[in-house]
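Student: build me a structure from this.
(chains A and B)
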Amino acid sequence: MSVNASPERDYLFIDDMPVEIAGEKNLLELIRKAGVKLPTFCYHSELSIYGACRMCMVENQWGEMEAACSSPPRPGARIRTNTERLRKYRKMILELLLANHCRDCVTCRNNKKCKLQDLAESFNIPGVRFPNTALTPKIDDSSLCVTRDQNKCILCGDCVRMCNEVQAVGAIDFAHRGAKMTVSAAFDRPLADSPCVGCGQCGAVCPTGAIVVRDDTDKVWRFLNDAGVKVTAQIAPAVRVAVGKAFGLPGGENAMGLIVAALRRLGFDEIYDTAVGADLTVLEEANELLGRLERAAATDAGGGPGDQDGTGAGSGPLFTSCCPAWVNYCERNYPELLPHVSSCRSPMQMLAAVARERDSVSSRRLAHVAVMPCAAKKFEAAREEFKIDGVPLVDCVITTQELIRMIREAGIVFSELEPEAVDYPLGARTGAGVIFGVAGGVTEAVLRRLAADKSRAALLTVAYQGVRGLSGVKEATIKVGEREIRIGMVSGLGNAAALIGRIKAGERYDFVEVMACPGGCVSGGGQPYARQPEKAERAKGLYAIDQVSHLRRSEENPLMMSLYNGVLRGRVKELLHVRYGGGQAYAGGQGAGRKGEAEV
Amino acid sequence: MLNSRTALWEEREACQNALARERQKILVCAGTGCVAGGALEIYDRLVTLLRERGVACDAELKPEGLGGERPVGVKKSGCHGFCEMGPLVLIEPENYLYTKVKPADCEEIVARTVLAGEHCARLAYQKQGRIYPRQEDIPFYHKQTRLALEHCGRIDATSIREYLGIGGYAAFEKALFEMTPAAVIKEVGDANLRGRGGGGFPTGRKWTQVRNQRSGRKYIVCNGDEGDPGAFMDRSIMEGDPHRVLEGMLIAGLACGAGEGYIYVRAEYPLAVSRLRAAIEQAEEYGLLGENILGAGFSFHLRISRGAGAFVCGEGSALTASIEGKRGMPRVKPPRTVEHGLFDQPTVLNNVETFANVPLIIQRGAAWYRGIGPENSPGTKAFALTGNIENTGLIEVPMGTSLREVVFDVGGGMRGGGEFKAVQIGGPSGGCLTEADLDLPLDFDSLKKAGAMIGSGGLVVMDNHTCMVEIARFFMRFTQNESCGKCVPCREGTKRMLAILERIVAGEGQEGDIDLLLELADTISATALCGLGKTAALPVISTVTRFRAEYEAHIREKRCPAGSCQKLKRISVDPALCKGCGKCARICPVGAISGKAREPYRIDGGKCVKCGACEAACPFGAIREG
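Tutor: Now for the predicted structure:
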């Protein structure tokens, strides 16, 4: 398609309405721009065009049918989006899908959030004239992160493209053909035996309830209903900006106070802020980076083998470690890079370790629940590395979606709650800790720590270095002391794989932030379904919280000092660091790839 | 290794001389059908017998200059076409065609035809008492014009030397040394060669589009994924004249600026695969494939990619995906294959028969080619004739030949004197034509107008014992099985159409089923993603249009007018004729017949499995279907 410069040819007509063609990739985008909400199942702007659901068919002036998602806008075309034929075809397609569907809507996890249900209602499907051939539910709950029910699958392929194109994980693909086609892990093995990293993005794009994040609310209810258990919670940064919309608040609004109030109503005894863990991470990771840079400089001066390219870059970049899906991905696909992954535990695990230490004298049994935007955190919580005597530091991870369900189940009228504050001291966080919830946030927080200039203006300088924005690949070059350090920030594992390819090909980076979900935790697999604009609202919400925080640099957090002088004294490595063996994620336990690379 | 044009001339002359030295040629059909009938044993037996009798014989074309007696060439040829009468043996130069040859007949052939020069009338084709000694006398061959198939059955399909000897690679040579790429494309364009795979897209236009793409890498892909039930034209060409396909692809590569090619063949065609593989090896050995061919600076490499037999892989984008090692699933277009085809590069994708036509056009010119067939569909078309017809087999007729000529002249009319009912043309993507369409010229446009399509050329002829609902069900089952599963209308729609057709033939059809079928057919045709889906409903639409009454009889009267639907058969005892002997009750395998001796028996319709055993056993003819 080429956009012609001639003014009268830059237009086409959508339902007799002239609409300007302004570089739209396809007719569908243009039709949506014209204010027509064309129905689709398989179209996602961030995925490749698949063209399988055939719901977005439109009719042109010659009565020909074309799928809007895969047709280029042709100047002068006269497109109709709602003719009698089109309505008939769309209804038939819906009827065909419903005939194959279990239709147990009221007990479905995605009830009222399901596109099939939504479109069936909009199109007023009067009944299904075909016998229901839905299979008995075929549920794969082998994964700790997501649950699949093939019977609810409409084969739109969104999950497959997400897993393969965006995440480059390749855990699932189509198997068999025709009416026997399914989405499946290789050889129809359970998801837990597949290369799945648990990011949950497949569920995030699934239009029905075929892939959902695993539900662990029952476990939390049991803790809460047991008087002998002291139940504590921590709330991740990205959660506070994603809950409100479900209860009628504006998108991206900070609902932390309301969440805390709701959790207290639910019966939680103490509530902490994961951003405190993030502050600890900032300090530890910055130290680790500085240590690396110093060692690299020393090697450089000595002309030792650590200096690969003579630029003094040292022996490769430091990768962040906060994202559990990235850690899984690295273990599976790049075990040789594990020595380059920061030894810092994730903020959730740092906070949990500290909380456990502080609570070690409690007379009651302890249960620690983490509220996360993330599906993979469920796996992280169950990792052997984070268990003490077989007991996990985090007993249960629930996602934002599960929290919303619990609030609803308890009948709490969220919007009418009075905001409450988190418990002291593990709620005293800085703005730096909060922006962990958006891609680029970890980098920005670490840079604030590293910057020599501690002025307010310097904060802005850091913010405008290219660390912000939901783009999947960001770059920044920043001077730390005498040294220019090159930073890569990628979100979406496919982008990570591409960056690693470049590093392996010899490109120099000093620090690489990886977030598995495109855009970071605001788009996490455990978040309520959202399109791009809503994710941007959430990111904006986090930056706004940072903006109004008293303290915006982690090292200024007075709690840090007291922790380092208190529970952490002499135990920093034990409580805040971890060595991922690369073994657990593998069924076969490939621990290979660990080199003698020293770490903090 | 031929490294110049002169070297090619010398080699060709040597091959021509070698062929000319053979005093007789015995061409044993080694197409898949005849091989299954024992052709290879016949071949071995003939060679053994000739050697025993001290007859000099060439199992392969040897270089000339051996001196002595002129040898007899014994050759495994491609398909002669008259599969009905296979295994076939053709003796040249007499042109004696021997049919249904058995290894035991070889002795006679050697003794009488080779040694004594006599004709064995016993082995000749006979019809209505008349003996047809020579191939050209047989009505089956009369109205045929074999161009794409001209070498099939005439040369040793496994020998590049024979191909060179009859003028093979001369068209490529001409294109390489005497024509510019633009001139080659113009010739193909002027000839108005239309894609023989079914679409009928002008080949010249396709080549131009690829030629105009600015890309360092381009591909020529040959679609040999012939998947229509009952179609075997492409297989026969690949088996019988593999070098012809290679030559067509070389010319395409030259014209479009492509240096690499793939032949996509289904793995179910092992003979085609091995013949093509051997042909590629020979061509590489002779320097007709590879780097700097004949020293003219053009390089072309060819590979075979075997498909796993998915019908949908005949669709362009699914085929290229399959070659790339991906799931064979069509993708949305644009971009088209000519822009982003194989490995995302500009790609010419043509069918086997299309490529087989190219050397002829280059050699004899567009004007000659346009002289055959009608204006808008020039040339010939190969068809595979099957079904209730006298002469099943592989035929090639000028485009525009009427269906009547094909069925009644070439095909020899209905088998067993049955009554002509319909022809299914174009396989599962086509439609059926009836008595009223018999004078329809077979070409792209006429058939499209009639609601059918030429498809790749499968012609299934049906007589009055064929149930059209059952035919629709058969093709729907095929399509449903072969749907890739990507788009909703094809995946789910064909499944529902099949279920409805299945219940109709089982006598469980409901009022409204025809309308529902047509509604589904409309949705699928209008909204499916690829050609397979868009045409999937054609067999149903065309049978409903032409045989609606038959559908209605199944649904309303639970009756199959053709008497072929097993579940709708009703077998009853005529009380007037039954003598009560009880034979039927004793022979019935399911105990469905009961009665008292010497009184009329009764058949329990609920238990009866319609095996017909009672009908055959009744000495009084009292048990009848109906």
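Student: up against chain A, what does the stretch 451-600 of chain B have?
Tutor: B:480-489, B:491-496, B:499, B:516, B:519-520, B:522-523, B:526-529 (Cβ under 8 Å from any Cβ of the partner chain). Glycine gets a C-beta too; all of them are placed from N, C-alpha and C.
Student: could you turn the buried ones of those residues into a PyMOL selection?
Tutor: In PyMOL, a selection of the buried entries from these looks like this (16 or more other Cβ atoms under 10 Å in any protein chain shown):
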select buried, chain B and resi 480+481+482+483+484+485+486+487+488+489+491+492+493+494+495+496+499+519+520+522+523+526+527+528+529
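Student: strands - which of the residues of the stretch 451-600 of chain B next to chain A land there?
Tutor: The strands, defined by DSSP state E, take in nothing from these.
Student: let's see which of the residues of the stretch 451-600 of chain B next to chain A end up in helices.
Tutor: Those of those mapping onto helices are B:480-482, B:488, B:494-496, B:499, B:516, B:519-520, B:522-523, B:526-527, per DSSP state H.
Student: if I pick B:Val110, what's in contact with it?
Tutor: B:Val110 is in contact with B:46, B:49-50, B:53, B:55, counting by Cβ atoms under 8 Å, 6 or more residues apart in numbering or on different chains.
Student: residue 385: neighbouring residues, count only.
Tutor: Since you didn't name a chain, this refers to chain A. 14 (other Cβ atoms under 10 Å in any protein chain shown).
Student: looking at chain B here, not the other one
Tutor: 27.
Student: check the secondary structure at it for me.
Tutor: Three-state assignment for B:Leu385 (DSSP: H, G, I helix; E, B strand; the rest coil): strand.
Student: correct me if wrong: it contacts B:Val410.
Tutor: Yes - using Cβ atoms under 8 Å, B:Leu385 and B:Val410 qualify as a contacting pair, with a distance of 7.3 Å.
Student: look at A:Ala496 and say how many residues are nearby.
Tutor: Neighbour number of A:Ala496 under other Cβ under 10 Å is 28.
Student: show the model's pLDDT score for it.
Tutor: We have a pLDDT of 97 for A:Ala496.
Student: give me the next element, helix or strand, following the helix or strand containing it.
Tutor: Here A:Ala496 sits within helix A:493-504, counting by DSSP states H and E. Per DSSP H and E, helix A:493-504 leads on to strand A:511-515 as the next helix or strand towards the C-terminus.
Student: which secondary structure elements does the helix or strand harbouring A:Ala325 contact?
Tutor: Assigned by DSSP H and E, A:Ala325 falls within helix A:324-333. If you count contacts as 3 or more Cβ pairs under 8 Å, 6 or more residues apart in numbering or on different chains; DSSP states H and E, helix A:324-333 packs onto helix A:376-381, helix A:493-504.
Student: show me where the stretch 51-200 of chain B has its strands.
Tutor: Ranges of strands in the stretch 51-200 of chain B, per DSSP state E, counting those that start in this stretch, are B:57-58, B:72-77, B:89-92, B:96-98, B:125-127, B:130-132.
Student: show me the contact partners of the third one.
Tutor: It refers to strand B:89-92. For strand B:89-92, contacts defined as Cβ under 8 Å, 6+ apart pick out B:24-29, B:42, B:46, B:77, B:80, B:96-98, B:101, B:109, B:113-114, B:123, B:135, B:153.
Student: returning to what we had before: any shared contact partners between B:Leu385 and B:Val410?
Tutor: Both B:Leu385 and B:Val410 are in contact with B:391, B:395, where contact means Cβ under 8 Å, 6+ apart.
Student: grab the most central residue of chain A for me.
Tutor: Residue closest to the mean C-alpha point of chain A, counted by Cα atoms, centre = their mean, is A:Gly524 at 2.2 Å.
Student: the closest residue to that one other than its chain neighbours and A:Ile545, how far apart?
Tutor: Residue nearest to A:Gly524 in three dimensions, not counting chain neighbours: A:Pro373, with 3.4 Å by Cβ to Cβ, 6 or more residues apart in numbering or on different chains. For A:Pro373, the distance to A:Ile545 (Cβ to Cβ, to the nearest Å) stands at 15 Å.
Student: so for the two, which sits in the more crowded spot?
Tutor: A count of neighbours by other Cβ under 10 Å puts A:Pro373 above the other of A:Pro373 and A:Ile545, at 29 against 21.
Student: low-confidence ranges in the chain?
Tutor: Here I'm looking at chain A. Within chain A, the stretches with pLDDT under 70 are A:1-9, A:300-314, A:582-600.
Student: try chain B instead
Tutor: In chain B, residues with pLDDT under 70: B:61-68, B:626.
Student: which positions in it make contact with chain A?
Tutor: B:310, B:312, B:327, B:329, B:331-334, B:480-489, B:491-496, B:499, B:516, B:519-520, B:522-523, B:526-529.
Student: that older thread, for the strands of the stretch 51-200 of chain B, give me JSON lines that also has mean neighbour count.
Tutor: Formatted as JSON lines, the strands of the stretch 51-200 of chain B follow (neighbours: other Cβ atoms under 10 Å in any protein chain shown):
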{"stretch": "strand B:57-58", "mean neighbour count": "21"}
{"stretch": "strand B:72-77", "mean neighbour count": "26"}
{"stretch": "strand B:89-92", "mean neighbour count": "22"}
{"stretch": "strand B:96-98", "mean neighbour count": "25"}
{"stretch": "strand B:125-127", "mean neighbour count": "16"}
{"stretch": "strand B:130-132", "mean neighbour count": "13"}
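Student: how far is the helix ranked longest in chain A from where the chain is centred?
Tutor: Secondary structure of chain A per DSSP H: the longest helix is helix A:274-302. On the basis of Cα atoms, centre = their mean, to the nearest Å, helix A:274-302 sits 25 Å off its chain's mean C-alpha point.
Student: so what touches the next helix or strand after it?
Tutor: Counting by DSSP H and E, the next helix or strand C-terminal to helix A:274-302 is strand A:318-319. With Cβ under 8 Å, 6+ apart as the test, strand A:318-319 has contacts from A:285, A:288-289, A:292, A:326, A:330, A:337, A:340-342, A:510-514.
Student: try it again at 7 Å.
Tutor: Applying Cβ atoms under 7 Å, 6 or more residues apart in numbering or on different chains, the set of residues contacting strand A:318-319 from outside is A:288-289, A:292, A:337, A:340-342, A:511-512, A:514.
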